[in-house]
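Asker: structural data only, the sequence is not supplied:
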């Protein structure tokens, strides 16, 4: 074998703390190394050209590039060597940037470490084999999980491109958080006016199948061919018959049910249509509030329903579908703000959340768009907004900025003035985070034009005194403690990943961070991909973001999915397990442990043997570590290849 | 004696339907029996059970696959069979097990120790069993030894003297010798410091001749012909005569036996140069028992612990960083 | 080589033995039987070591001459660092073996080397292809064997032409007598080792003679028809049923061959790390299925019956046929004594003779 | 009741400014079956001023207290004073660090050999004795007493160290007072600053801070402000005159919760030690008994009403039984509408 | 081989590609300074790690071995780390039988987002190994000594 080694400077990223020329000189003495050099930017065009030229000039049969992490540029360089006529798997990377140059400044130690990592890579490369992918057909259907604005956008874009789309929404209506908003910043557009038409498009699009009030039950399979089970929850209303007339909701006697859509601002009935523009506009019964389903007595809705759509015996239904790709767009939830006892912990009715306030502002909300104190229905004059409730707070494990609270608080302060011209708003803030088109101007307008008083400081206590709420906080710019007598306190509650996002991540086999946000493939370069091929991310489930970013990411995810599903055939990753049949004793341990059921027992001349189903194997190598005689090996990560790396460091 | 005859009758009966019954027959010298493959009445006459029935007949099962085979089994042999069945390495319906109550088997090395200064075990010309004793004829006259003093170590911690899974059981079932295996055999070893343990293995394994009798005597080492010990692909071991390779082979054996070893002790008995290789497997077995509550070869319906998992592992306390 | 034994009888008392061993150890690596755990093995002797003479050694001393694994040569493929990719190759011969002495080996162990010698001395090539690795070590090794005082159940040296007091293949013979050991040189090599010892008295010589005769007397009587073994085994070559029955309980480990003083097979492998490596040979054994596994995947001795047939056949038929009737077996009985499943090679040979007579 | 034995660390206040706390605590513990074994020859816990100057020295004070306990076999200690609690517990926590512990040991020359725990009297009563046991002891319930519980800054904070009750809205004392029979008002300033730490550097702010607490309590109609901290008690009680001078409109007695427990348990004046309070508690008890009488009268009235209602219901039931015929007659009318509807549907 | 033998010890890490290798990358991107001793072997999944790799490393002269995979329930391959957890835990408990200090081997879970945690793990483990000092080697077959000179 003739190995070429290229030590990348990455400008000064590597060369700053690694003597790249010395590493190259060392590498030249390694077994089978025929050519070794250092190079300014291996990944740039001149760098790649130099690699190709060297392969040709020195008749190289394998290449080691020592540069950044293989998670970044392994695909790049594989393509490079392929262009030079080598098999793409005759390539190894040594990570001397993330794992060396960026984590220490000791040049001697770094240089030595880099050289050893190159030695390991070269030792492994000597055992690499040419691998060739296999092709398999793709199911041209996309699953979108979550019908908020991001999911809606992804579904519409994909459907417009001609893909069949299945949109699954947990709630009885799509629309997500955006549907609950009164206006949007910074234009103060009516939220439902701009979202509504998109929701209708979803309902009417011939390529979109909408499963509302449904959840993803399980996912199996792999990119191009995922087998999905969808649980359609019992709504106790036959949606084929339901016309959405709303008669049932008028007559339902269980009038003290929690109103989920309106965030509990005012009660609702047990059978509901969440809001007038709901899509699908169908009634559903919330089991825990229904008198018939809980107590066995009532049945009013069934009596009044003109189409006989009510079915109290309805059960959950499982729908099975095969899809080629999946977009996760499950959004966010508000954090549990009731843990903040200093803000009343939910004990004071006139301390409300921003989303509750949004419902109060909304003309279609429970107060008809009139701002009223929940305690006595009186119109408030002094409204205090407290920002960063649950954001940037390490003490509750939420050290991140929720990103959109500064902006919606400003918007709500403006709307407050619009609704109640003689009102005064106070905003306690930590910092104003308003990067975005027209955003900072907006936060200035609210202060200058709408005279909202912005107080830079945290609130330490909210307590009732008489019929007022005393808001005590610090004004850190003035260096004094301030107390504001408020009629209404609005908490800008921070957001976190949707409550069941971790469960979904496990079903989709994607990663999530410690806060439950799904992990993108690369924070910069793969913002909508995940590390699981065929699964894409859109909206706040990947990280908190506002509406335009969510929409953009929805489109981006759709574009990625369209790109993937535009192909008729996909190449399977050849880094999969293979069985050496003459060494296999047919004990079946690999079959027992394989998480993908990718190994089957076959009969070879009367002997049981294991056989890998190539399109199903995902290449985890669990079988390899399980097989006692090493008869099943993972291509590109065989025992000998890993041993070669170990032995490059310590041998026996 | 009558049990011996009853077993012979059972074997003869089994031979009516089954081509071969594996048991024990007279060996090359008085202290040793040898595995006996019985195919006809004449073979059955050579059958012997009891104190000399040391070898574990389960060893031969994987090579009998596809042919109905009968075994005469001790309790410990039955556990090996059980584990093979649990792992689907042999089919239970291809087996016919004849069980009998085992009261322990001989350890020739212990006899050697008792004869120290008198003669070598190879000079004993006759062995007679008399209740709980054996009487040996040696060049220097008769020597009487209590069976319990020369029985194998495993017999002193026997929890399953009766082959519970036998298709036919001859004789009265015996009470277990102990209710709980306290792993007392590991206690002495564990008194050693880490340095002493390392030195211990270096010394013991320096004798290893790499004959792999330990492996070939193990009823659960079913890879046998394809063992990684002598493969180049994967290439785990060199053929060099060093302690590291020799120890590493034992580690391969022990890790492959983790959660599977029934403690029959055949590996250690088979070792011609007396390396205490069972210790490694026992150390794993104790952990497996503590961590997963699993004992190999008892319940054929439970998946061996390393081939399964639980989402929460109450017994695994991970390190906090 | 063989010298007049009468002139070279020496005596060493029990008390003087350590000093004598120390003297031997000064000029060479001295191997002596040592008790370790349950086994008795030949180990380099160091001052203070007890020589185990009451239990017979578990292993033979063949590894002194024929190591379990030995370097044949090492190689370095490192070329000129200025010209990477330009492979170089430097070969380095293994270092010369030093002199060795084996003290108190069994008489049968020494006879075992007589089966080795012609094979490595190029017998099949008319002496042309000699195995210098073996011959060098053999040349530099001096064997002092001992007279066995008694026979074990598994002993059968007399069946294959040996005796408990034989000095065949050895350089000196040690016999325990009252108060110490009588040592008599067999070869010049042996004599020079014993030179420093005081000569034995006539009584001591007589006692030694008596002890040796006593040993020969107590040895098992050989069966009459051992001479028929080569032909009988040849006749049974195709008798699958016979070999299947004989091998049924064999577990085909390598214990018998590795303990055997006459098994001389080896395997050659390369071990390398990076650019350096070595070629070495290590013991191999015909009971292993890999022994005859061909690269194609075909294995002429896939079944253990065939492998056992080969082992017994080689020792008692094929080898004697080309080596003037000498069995490639010295009758030490270790293969029987240490066999985990008590395979008895004597019984197989006798059964074969009986079976062949019936055919 | 099963007895428990615990080490007891009274703290310096117990011997002086908070003697009433000390007396009532001992009495209440005696009643609840807590055997208090005072740590022999105990010393300052190392709280202010030591801990502001030298943390090692401060912890060494605490360590000696534990060492003294260890000597007589005491490892589980309780103290009424939150300040002592805080310092003793922090000392233990800091000594988890081996280096720190070594520096402390060098001062005390008596390294601790055992694991130690320190809890507040309040925590032991709520968690280990239990509210049910407290309730069972009540002989003179505080029915009619309007109380607010005031916890101060130290009792539950910092959260990670104290691990008891909520740091922003504690409820332990509220629960105790409730089982004693009092009406506990939801007091929002439970953990506001009493001004204790300001009493030396900014003396004039203390009456304002304390006054704000008392002011809200008074406004809410409380009879008493119940406390658990000697320093808070001093600021709220002893300085109440100063607070009034600074504008406070109310006069409120500030007893320790243990005093009210002792009172409700029916213990002697020596045990309740109310006379040691600066503001007289008698007016509060007067209000209580007046309100209690009102409550009793109200209850009596309700009882009469309930009785009448029950009698009426019984009579009605008797009538209904007699008139099932009438009810049955009514039914078909309802049914017939349904019948006609379905008949109409069928016809359509 | 290395002049750094005096200040570095031989520590080998086996990291799963999806979580811990990514976590180590994240630590690098964040410039979280770490000791230089660790050399990382990338494997697809912690389930790929045969405990024998770890034993091979420890017998072959590694002073410490660190395995890191995805957090339980977060395995890219759904189940690999659950199997790994059992195997690695057993292995750790077994090491003392060989006279190897079990602190020379640790396994943990680090996700791709946990750069800071990775830094902490590397610092803590490296400090732990330095606390234990160099591992005492195992005797090699004399004929193989020639090969070892190359590696260390």
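Answerer: All right, it came through fine. Being a predicted model, the structure only gives us computed values, none of them experimental.
Asker: pLDDT score assigned to the nearest residue to residue A:581 once chain neighbours are set aside?
Answerer: Of all residues not flanking residue A:581 in the chain, residue A:609 sits nearest, at 5.2 Å (CB to CB, 6 or more residues apart in numbering or on different chains). Just so you know, the C-beta spots here come from the backbone N, C-alpha and C atoms, and that holds for glycine as well. Looking at residue A:609, its pLDDT stands at 95.
Asker: residue A:609 - that's part of a strand, no?
Answerer: Yes - according to DSSP: H, G, I helix; E, B strand; the rest coil, residue A:609 belongs to a strand.
Asker: residue A:213 reaches residue A:171, doesn't it?
Answerer: Yes - applying CB atoms under 8 Å, one finds residue A:213 in contact with residue A:171, separated by 6.8 Å.
Asker: and the residue in chain B positioned nearest to chain A, how many neighbours?
Answerer: Nearest residue of chain B to chain A: residue B:234, at 3.4 Å (CB to the nearest CB). Counted with other CB atoms under 10 Å in any protein chain shown, the neighbours of residue B:234 add up to 23.
Asker: just the element for it, please.
Answerer: Using DSSP states H and E, residue B:234 falls within no helix or strand.
Asker: hmm, it is touching residue A:641, no?
Answerer: No - counting by CB under 8 Å, residue B:234 does not reach residue A:641; the two are 9.5 Å apart.
Asker: is chain A within reach of stretch C:63-76?
Answerer: No - remark: stretch C:63-76 sits outside contact range of chain A, by CB under 8 Å from any CB of the partner chain, the gap being at least 10.7 Å.
Asker: contacting residues around that stretch?
Answerer: Stretch C:63-76 is contacted from outside by B:209-210, B:239-241, C:31, C:42, C:88-94, C:100, C:102, C:113, C:116, C:133-134, C:137-138, C:141, C:258, C:264, C:266, C:268, C:272, C:275-283, E:141, E:143, E:146, using CB atoms under 8 Å, 6 or more residues apart in numbering or on different chains.
Asker: now it, how far from the centre of its chain.
Answerer: 17 Å (CA atoms, centre = their mean, to the nearest Å).
Asker: with stretch A:539-558 instead?
Answerer: Chain-centre distance of stretch A:539-558: 9 Å, with CA atoms, centre = their mean.
Asker: which residue is nearest the middle of the chain?
Answerer: All of this refers to chain A. By CA atoms, centre = their mean, chain A has its centre lying nearest to residue A:542, at 2.9 Å.
Asker: oops, I was thinking of chain C
Answerer: Centroid check for chain C by CA atoms, centre = their mean gives residue C:261 as the closest residue, at 2.3 Å.
Asker: domain map for the chain?
Answerer: Using chain A. Split into domains by automatic domain parsing, chain A comes to A:3-125, A:141-233+A:318-331+A:498-565, A:247-304, A:335-496, A:577-635.
Asker: can you look at chain C instead?
Answerer: Per the record, chain C has its domains at C:8-66+C:98-218, C:223-271+C:284-359, by automatic domain parsing.
Asker: relative to residue A:78, which of those is closest?
Answerer: The closest of the domains of chain C to residue A:78 is domain C:223-271+C:284-359. By CB to CB, the value is 31.7 Å.
Asker: is chain E contacted by the closest one?
Answerer: Yes - using CB under 8 Å from any CB, we find that domain C:223-271+C:284-359 touches chain E at residue C:271.
Asker: can you give me the end-to-end distance of that domain?
Answerer: Terminal residues of domain C:223-271+C:284-359 are spaced 20 Å apart (CA to CA, to the nearest Å).
Asker: just confirm yes or no for it near chain A.
Answerer: Yes - contact of domain C:223-271+C:284-359 with chain A is found when judged by CB under 8 Å from any CB, involving residue C:297.
Asker: off-centre distance for that domain?
Answerer: Offset of domain C:223-271+C:284-359 from its chain centre (CA atoms, centre = their mean): 16 Å.
Asker: circling back to that earlier point, I'd like the domains of chain C as TSV, with mean pLDDT appended.
Answerer: Output for the domains of chain C, formatted as TSV (pLDDT from 0 to 100):
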stretch	mean pLDDT
domain C:8-66+C:98-218	94
domain C:223-271+C:284-359	95
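Asker: a markdown table please, covering those domains and showing distance to residue B:134.
Answerer: Converted to a markdown table, the domains of chain C look like this (distance: least, CB to CB, whole Å):
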| stretch | distance to residue B:134 |
| --- | --- |
| domain C:8-66+C:98-218 | 16 |
| domain C:223-271+C:284-359 | 18 |
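Asker: residue A:18 in helix, strand or coil?
Answerer: Under three-state DSSP, residue A:18 falls in the coil class.
Asker: what about the spatially closest residue to residue B:319 that is not a sequence neighbour, how many residues nearby?
Answerer: Leaving aside its sequence neighbours, residue B:319 sits nearest to residue E:106 (CB to CB, 6+ apart; 6.0 Å). Per other CB under 10 Å, the neighbour tally for residue E:106 reads 21.
Asker: touching, residue E:106 and residue E:88? I think so.
Answerer: No - judged on CB under 8 Å, residue E:106 makes no contact with residue E:88 at a distance of 9.1 Å.
Asker: now list whatever residues contact both of those two.
Answerer: With CB under 8 Å, 6+ apart, residue E:106 and residue E:88 have common neighbours residue E:67.
Asker: domains for chain B, by residue range?
Answerer: Domain assignment of chain B by automatic domain parsing yields the ranges B:1-105+B:158-180, B:108-150, B:182-321.
Asker: quick one: which of those is nearest residue A:253?
Answerer: domain B:182-321 (43.8 Å).
Asker: before we move on, the earlier item: pull out the buried members of the contacts of stretch C:63-76.
Answerer: Buried by 16 or more other CB atoms under 10 Å in any protein chain shown: B:209-210, B:239-241, C:31, C:42, C:94, C:100, C:102, C:113, C:116, C:133-134, C:137-138, C:141, C:258, C:264, C:266, C:272, C:275-283, E:141, E:143, E:146, out of the contacts of stretch C:63-76.
Asker: and the longest helix seen in chain E, what does it pack against?
Answerer: The helix that spans the most residues within chain E, counting by DSSP state H, is helix E:115-132. If you count contacts as 3 or more CB pairs under 8 Å, 6 or more residues apart in numbering or on different chains; DSSP states H and E, helix E:115-132 packs onto strand E:11-16, helix E:20-29, strand E:38-43, strand E:64-69, strand E:105-109.
Asker: nice, that's everything, thank you.
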